[in-house]
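Peer 1: generate coordinates for the sequence data below:
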Amino acid sequence: MNSRTFLFFIILTFLLSALTPVNAQFSGYPEMVIKAGNSANGIFPDPKMFPNFVYTCDSHSLKVYYLYIQTIALARSGYDRKELEKLREMIKSLQRKDGSFPSIPLQETIYYPWSVDGMTSYYCEKSKAGSTALALLALLDAGEPPNSKAVQKGVQYLLQTTKEGPFHPNVTEFVPMCYSENWTRVPCNIALPKNVTNGAYWLTEVCRSGRDGGGSCIELPGIVTTAYVTALLHRLGYDVKEEMEFLKEYLTMDTLFIHPLYLCCSEVSNFSTREIEPGRITVYYSFRPKWFGREDLGFPGNEFDYRDPYESLALPLLYLKEEGLLFRNTATEKIIWAIKESQLIPERVVYIDISGHKRRGPSFITVNIIPIRILNVTLNASYMGWFHIYYGFRFPRESNVTVRVHAENARAGATLLIKVEPIDSMFIIYPDPKCNKVPELRVSKECYSPNFSRSLLDYSWSNDVYSTAVALIWLYAFNETDYKGFQRGIEYLKTKGLQDGSGSFDAYAYGLIALSLQNGTWKRNRLPALNEHTKTQESESPTRPNKSICGPGSLLVIVLILALRERISR
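Peer 2: Okay, the predicted model is just below:
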């Protein structure tokens, strides 16, 4: 076989794989992505599909956000181009005269948990620049020419709205206030945003109303917004050196991971999860450990209403990776480490937390972890108050686990936890996966049943499609696909994941993206952008120096087309 014949068969194989029905490759995820995009009586997401979804901002902005994510997931998985054309037109119809697109929530600040911490009655976070960048990336992925009017107008809007450091936001009246020792009100320090010293970036707007009825809005640097814009501009040939300076400075654990805001005003114990070792009984006398309050959300979380910035950053990481802009630092290493530790694998050490309230006098606790062992604990006789007892073990190979607690002179119950040491946190493993998706159930008897099935350790993250997909995207972005749990996470998405579902309406889109990364369709369906930015003559918007880079993807496409043409002509 000569080289031309070999090349012809390579092209033929590629074309045949492209003709394979998308749904057959992705276990039904494209159908779920389309179904999740439907509204019921003008309400999005559909209450029948996501009955427990709660969001304080408007439904329209969610619908716009999902249109972008849906288009990207379907386009990069090789969905029907005629259907993608419809989605493209829907997106372009949203563009405004100034080139922008309607603001959408990207969940990219550290403020979102105020509603669940009881400090906020209304919260809304939106980014117009982030919406514009994400819309343009969706259009490009769906086949929009890079030099089209829609793309060029959007880019000019972004260039006009960029900010350049330094930036020191004044938010002392926006963040929650606590009372100091002398009863003076002071701002919550962990709610203060990180200052910017250099680089270029875009802002996102955050609005809230407190329990006292007062409300305010502020603009803050958006790390997810800036990541989307940076990837887009680089794809279109712009120099993004200043944007990368901002990302490298601003991408820290303080901006990626939300700290519960009750830590501002409540006194909690100071002990660390690192002090808890498997096989050893550890007792703490305290109302709550410092990680209490995040433990039932999982890592990654599975609620849109409580999303950490590192979760929202998953998709722009892929675009930065494609542009050769992705970098590792201390924060990304810690997130990757935490993701690996939080996967529910059968070999994982899990921890029993026996917590309750001790009365005055002697108190004894007996915990029968069937079939592991029986724990006998004598509590401090002089202590009266809350306590926590921890014990770590591995699930037996062939059986489930039942926990029986008997407490004398105390009230106590048991919870199964997984420890994620890099972020010094612990997260609940519920006996029923649906407890991860229905917040109202978390106080029910079913969610605190003493019986735990080994099937809960199914190589997923939080027994949830969204959580698992976000974890897999992070691992793929940073070339961690050789990690032994990566492929098992993919298998979970294809099988048990569809049964478990998710509480997040964008879960199936993220799931489809994760599957397309694993089987290569994400890379194969990336349409090449123009290597030279074409500026519209009638525009007077500011521009930047152009880059002229001939990408290897473009050369490969040209070579394949010429070879195929020559073969056919003969």
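
Peer 1: just the mean pLDDT for whichever strand or helix holds residue 160, thanks.
Peer 2: Using DSSP states H and E, residue 160 sits within helix 149-161. What helix 149-161 shows for mean pLDDT is 97.

Peer 1: do the same with stretch 504-522
Peer 2: Mean predicted confidence for stretch 504-522 is 96.

Peer 1: re earlier: list the strands paired with the following helix or strand past the helix holding residue 160, with their directions.
Peer 2: Reading on from helix 149-161 to the C-terminus, the next helix or strand found by DSSP H and E is strand 163-164. Strands that pair with strand 163-164, judged by DSSP bridges, come out as strand 200-201 (antiparallel).

Peer 1: who touches the strand it pairs with?
Peer 2: Strand 200-201 is touched from outside by 162-165, 167, 221-222, 225-226, 242-243, 245-246, 250, with contacts defined as CB atoms under 8 Å, 6 or more residues apart in numbering. C-beta: built from backbone N, CA, C; applies to glycine.

Peer 1: go through those and flag which are in helices.
Peer 2: Under the assignment DSSP state H, the contacts of strand 200-201 contribute 225-226, 242-243, 245-246, 250 to helices.

Peer 1: now, among the residues you listed, which is nearest to residue 434?
Peer 2: Closest to residue 434 out of the ones in helices among the contacts of strand 200-201 is residue 225 (33.6 Å), distances taken as CB to CB.

Peer 1: assess the claim that that closest one and residue 133 are in contact.
Peer 2: Yes: with contact taken as CB atoms under 8 Å, residue 225 and residue 133 are classed as touching, separated by 6.9 Å.

Peer 1: who's more crowded, the two?
Peer 2: For residue 225 and residue 133, the more surrounded residue by other CB atoms under 10 Å is residue 133, and the numbers stand at 31 against 28.

Peer 1: wait, isn't the more buried one in contact with residue 229?
Peer 2: Yes: counting by CB under 8 Å, residue 229 is a contact partner of residue 133 at 4.3 Å.

Peer 1: which residues are in contact with both of these two?
Peer 2: Residues touching both residue 133 and residue 229 (CB under 8 Å, 6+ apart) are residue 158.

Peer 1: which stretch of helix or strand covers the residue positioned nearest the centre of the chain?
Peer 2: Using CA atoms, centre = their mean, the residue of the chain that lies closest to the mean C-alpha position is residue 311, 2.0 Å off. Using DSSP H and E, residue 311 sits in helix 309-312.

Peer 1: what about dumping the CA coordinates of that helix to CSV?
Peer 2: These are the backbone C-alpha positions of helix 309-312, laid out as CSV (Å, rounded to 0.1, in the frame of the first residue of the first chain):
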residue,chain,number,x,y,z
PRO,A,309,-15.6,29.5,41.0
TYR,A,310,-13.3,26.5,40.3
GLU,A,311,-16.3,24.6,38.9
SER,A,312,-17.3,27.4,36.6
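
Peer 1: run the chain-centre distance for the helix or strand following it.
Peer 2: Using DSSP H and E, the next helix or strand after helix 309-312 towards the C-terminus is helix 314-322. Between the mean C-alpha point of helix 314-322 and the mean C-alpha point of its chain there is a distance of 13 Å (CA atoms, centre = their mean, to the nearest Å).

Peer 1: return the set of buried residues in helix 314-322.
Peer 2: Within helix 314-322, the residues that count as buried by 16 or more other CB atoms under 10 Å are 314-320, 322.

Peer 1: how is this protein carved up into domains?
Peer 2: Per automatic domain parsing, the domain ranges recorded for the chain read 3-258+294-344+458-558, 349-456.

Peer 1: tell me the SS of the closest residue to residue 282 other than its chain neighbours?
Peer 2: The spatially closest residue to residue 282, leaving aside those adjacent along the chain, is residue 390, at 4.5 Å (CB to CB, 6 or more residues apart in numbering). Using DSSP: H, G, I helix; E, B strand; the rest coil, the secondary structure recorded for residue 390 is strand.

Peer 1: can you give me the helices for the stretch 51-200 of the chain?
Peer 2: Assignment of helices within the stretch 51-200 of the chain using DSSP state H, counting those that start in this stretch yields the ranges 59-76, 81-92, 128-141, 149-161.

Peer 1: kindly report the same for the stretch 351-500 of the chain.
Peer 2: In order along the chain, the stretch 351-500 of the chain carries the following helices (DSSP H, counting those that start in this stretch): 465-477, 484-494, 496-500.

Peer 1: related to what we said a few turns ago, which helices and strands does the helix holding residue 160 pack with?
Peer 2: helix 128-141, helix 223-235 (3 or more CB pairs under 8 Å, 6 or more residues apart in numbering; DSSP states H and E).

Peer 1: any idea how far the shortest one is from the middle of the chain?
Peer 2: Between the centre of helix 223-235 and the centre of its host chain there is 17 Å, according to CA atoms, centre = their mean.
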